[in-house]
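Q: Sequence plus the predicted model coming up.
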Amino acid sequence: MVFHSKKLVQKPKTQIKRGAVIIEFAIVCPLILLIVFGTVDICSFYYLKQTMKIASYEATRIAVIAGSTTSLVETQAKMLLDASKVKGYAITVTPSPESLKRGDFVTVRVTAPGGSNLPLKGWFCSSQSTFAQTSMMSDR
């Protein structure tokens, strides 16, 4: 209420409602944005993890083929990771495919940082580093 020259003047109710809507929006908007950006970040992290699983699996398939080398295995994984624009990855092949005998297991492990590979630069998953590992038996 506002007093003007001994008269009592009331503000219209639409102005009061408009102020309540602005306050409600100010409270709810950050929560909605947090949920949206968190969902995008977590889904991107799982996409990165799936990409690494595929690269690890395909590289392991190359490793168990007769005549394959460590460089062929790493090239297969690099090709898939580069196509998905994964940065800062490391590929480990143990043991060397050249030394495999029938019945030996070979393992390919792909590791990458989470923060630099996510679209929001890892607001929620920044400290997370992820890996994928696949093992197969040689059938040479």
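A: Okay, I see it. The structure presented is a predicted model; accordingly, all values stated were derived computationally and were not measured.
Q: Tell me if residue 77 really is in a helix.
A: Yes: according to DSSP: H, G, I helix; E, B strand; the rest coil, the state of residue 77 is that of a helix.
Q: need the contact list for it.
A: Contacts for residue 77 were tallied using Cβ atoms under 8 Å, 6 or more residues apart in numbering; they are 55-56, 58-59, 91, 108, 110. Placement of C-beta: from N, CA and C, glycine included.
Q: Out of those, which sit inside helices?
A: With DSSP state H as the criterion, helices contain 55-56, 58-59 from among the contacts of residue 77.
Q: Which residues does stretch 53-70 contact?
A: By Cβ under 8 Å, 6+ apart, stretch 53-70 touches 72-74, 76-77, 80-81, 86, 91, 93, 96-98, 100, 106-110, 132-140.
Q: PyMOL command for the buried members of these?
A: Selection of the buried residues among those in PyMOL, burial being defined by 16 or more other Cβ atoms under 10 Å:
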select buried, resi 73+74+76+77+80+81+86+91+93+97+100+106+108+109+110+132+134+138
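Q: So what's the predicted local confidence for residue 40?
A: Listed pLDDT for residue 40 reads 88.
Q: swap in the one 4 residues further on?
A: Note on residue 44: pLDDT of 89.
Q: so how far is residue 48 from the nearest residue to it once chain neighbours are set aside?
A: Closest residue to residue 44 apart from its sequence neighbours, by Cβ to Cβ, 6 or more residues apart in numbering: residue 118 at 4.7 Å. Residue 118 is 7 Å from residue 48, where distance means Cβ to Cβ, to the nearest Å.
Q: quick one: low-confidence ranges for the chain?
A: Within the chain, the stretches with pLDDT under 70 are 1-18, 122-126.
Q: Centroid-nearest residue for it?
A: Geometric centre of the chain, nearest residue: residue 45, 1.6 Å, by Cα atoms, centre = their mean.
Q: what sits against that residue?
A: 114, 118, 125, 128, 130.
Q: Isn't the first one up against residue 121?
A: The one in question is residue 114. No: using Cβ atoms under 8 Å as the test, residue 114 is too far from residue 121 to be in contact (9.9 Å).
Q: okay, the two: which has more neighbours?
A: residue 114 (21 against 12; other Cβ atoms under 10 Å).
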